[in-house]
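Trainee: build me a model:
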Amino acid sequence: MATFLETPRFPTNINYGVVGGPKYKTNIIEKNSGWENANVIWPQGRHEYDVVYAVKDQATIETLLAFFHAVKGRSIGFRFKDFADYKSCSVNSTPSFIDQPLIGLTNGINRDFQLTKTYVTGTSSTSRMIKKPVAGTVIVAVNSLQKTSFLLNTTTGIVTFDPDLTNSITGATRSNPCVLTANNSITPGETIYISGIVGMPQLNNHRYKVLSRTNTTLTIDVDSSAFSNYVSGGVYHTIPQPGEVVTAGFEFDVPVRFANDDLHISIDNYKTRTVQNLGLIEIRV
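Mentor: Presented below is the predicted three-dimensional model:
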């Protein structure tokens, strides 16, 4: 698809009455014995929709005509809200930042992660890349702690964490909450991953929320009063480290185009108009 219209999305007031959903392509080879071999041509589903039954009045037809002219038939892709499946969770629930895993290396260097949605039935699962998240709906976590500092590319579904804020730790108190001695410029509410501490190993290899800070201290959300005494060393990082899990909650649209370059409208009488062909096909972006 050469061009894509990010906004506005396909008018949501037309969506009710839409028929459609995911479609796979499979080549079935039937043997003389009656056994079959199934060759999956499309390992990822491609959604298709029929919007004809959602267009019910003249005002809706006029809205549709304006949109059809804007995207010039099949030539320009656009966003479509599938009311049957538009959240990282059930459509009747509120997205949580632990809903879905993101794709990307947690190696202490990589900062880019792709939004996905995984569909699970028993031991089987299928992952779907989410390329068109809805701005303002995406919440992200690392090791089940919400991250506040990231950028979202709403045209690709890629979450990019801010550059790593890292420094050495030179002290840690046995208190509730724990106070670290470390030069920093971290915003309270951000999270840090700690490793390499000698003498208070209970803090190592965990992520903590920063409750407050000064230029040389970080107060973190953990009770360390029963931990052993800090001796030396340690470092903190803000970006995901090896072994950590990145998750997200969100709403999303489906990237689609019209199935036809022509739009047929039937004038049934002076008050009634109906649309004869109006299909939408998901596009790979």
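Trainee: thinking residue 96 is in contact with residue 89, fair?
Mentor: Yes - between residue 96 and residue 89 a contact is recorded at 6.6 Å, counting by Cβ atoms under 8 Å. (Glycine included, C-beta is placed from N, CA and C.)
Trainee: common neighbours of these two, please.
Mentor: With contacts taken as Cβ atoms under 8 Å, 6 or more residues apart in numbering, residue 96 and residue 89 have residue 249 as neighbours in common.
Trainee: measure the most centrally placed residue in the chain to residue 216 for me?
Mentor: Nearest to the mean C-alpha position of the chain, by Cα atoms, centre = their mean, lies residue 115 at 3.6 Å. In this view, residue 115 and residue 216 are 37 Å apart by Cβ to Cβ, to the nearest Å.
Trainee: again with residue 97
Mentor: In terms of Cβ to Cβ, residue 97 sits 30 Å off from residue 216.
Trainee: compare those two (neighbour count), which wins?
Mentor: Comparing residue 97 with residue 216 by other Cβ atoms under 10 Å, the one with more neighbours is residue 97, at 19 against 12.
Trainee: list the contacts for the more buried one?
Mentor: Contacts here follow Cβ under 8 Å, 6+ apart; on that basis residue 97 touches 139, 140, 141, 146, 247, 248, 249.
Trainee: what does residue 176 give?
Mentor: Taking Cβ under 8 Å, 6+ apart, we find residue 176 in contact with 223, 224, 225.
Trainee: at 6 Å instead, please
Mentor: By Cβ atoms under 6 Å, 6 or more residues apart in numbering, the contact list for residue 176 reads 223, 225.
Trainee: hang on, it in a strand?
Mentor: No - counting by DSSP: H, G, I helix; E, B strand; the rest coil, residue 176 is not part of a strand but coil.
Trainee: neighbours of residue 129, how many?
Mentor: Residues within reach of residue 129, counting by other Cβ under 10 Å, total 14.
Trainee: what bridges to it?
Mentor: With DSSP bridges as the criterion, residue 129 is bridged to residue 116.
Trainee: and it, how far from residue 95?
Mentor: 17 Å.
Trainee: next one: residue 41
Mentor: Counting by Cβ to Cβ - residue 41 and residue 95 are separated by 32 Å.
Trainee: more crowded one of those two?
Mentor: residue 95 (19 against 9).
Trainee: mind checking pLDDT for that one?
Mentor: pLDDT for residue 95: 97.
Trainee: state the pLDDT value of residue 28.
Mentor: Listed pLDDT for residue 28 reads 89.
Trainee: equivalent analysis for residue 275, please.
Mentor: What the model reports for residue 275 is a pLDDT of 74.
Trainee: kindly report the same for residue 271.
Mentor: pLDDT, residue 271: 58.
Trainee: report the next helix or strand after the lowest-mean-pLDDT helix or strand in the chain in sequence order.
Mentor: Taking mean pLDDT, DSSP states H and E as the measure, the helix or strand of the chain with the lowest value is strand 273-275, at a mean of 68. Tracing the chain past strand 273-275, the next element assigned as helix or strand by DSSP states H and E is strand 279-282.
Trainee: and that next one, what does it pack onto?
Mentor: Judged by 3 or more Cβ pairs under 6 Å, 6 or more residues apart in numbering; DSSP states H and E, strand 279-282 is in contact with strand 46-50, strand 254-258.
Trainee: so for the last one, mean pLDDT?
Mentor: This points to strand 254-258. Across strand 254-258, pLDDT averages out at 96.
Trainee: which other helices and strands contact that strand?
Mentor: Where contact means 3+ Cβ pairs under 6 Å, 6+ apart, strand 254-258 is packed against strand 76-80, strand 279-282.
Trainee: next: the first one.
Mentor: In terms of contacts (3+ Cβ pairs under 6 Å, 6+ apart), strand 46-50 is packed against strand 19-23, strand 279-282.
Trainee: relative to the shortest one, what are the paired strands and their orientations?
Mentor: When pairing is defined by DSSP bridges, strand 279-282 lines up against strand 46-50 (antiparallel), strand 254-258 (antiparallel).
Trainee: thank you kindly, that will do.
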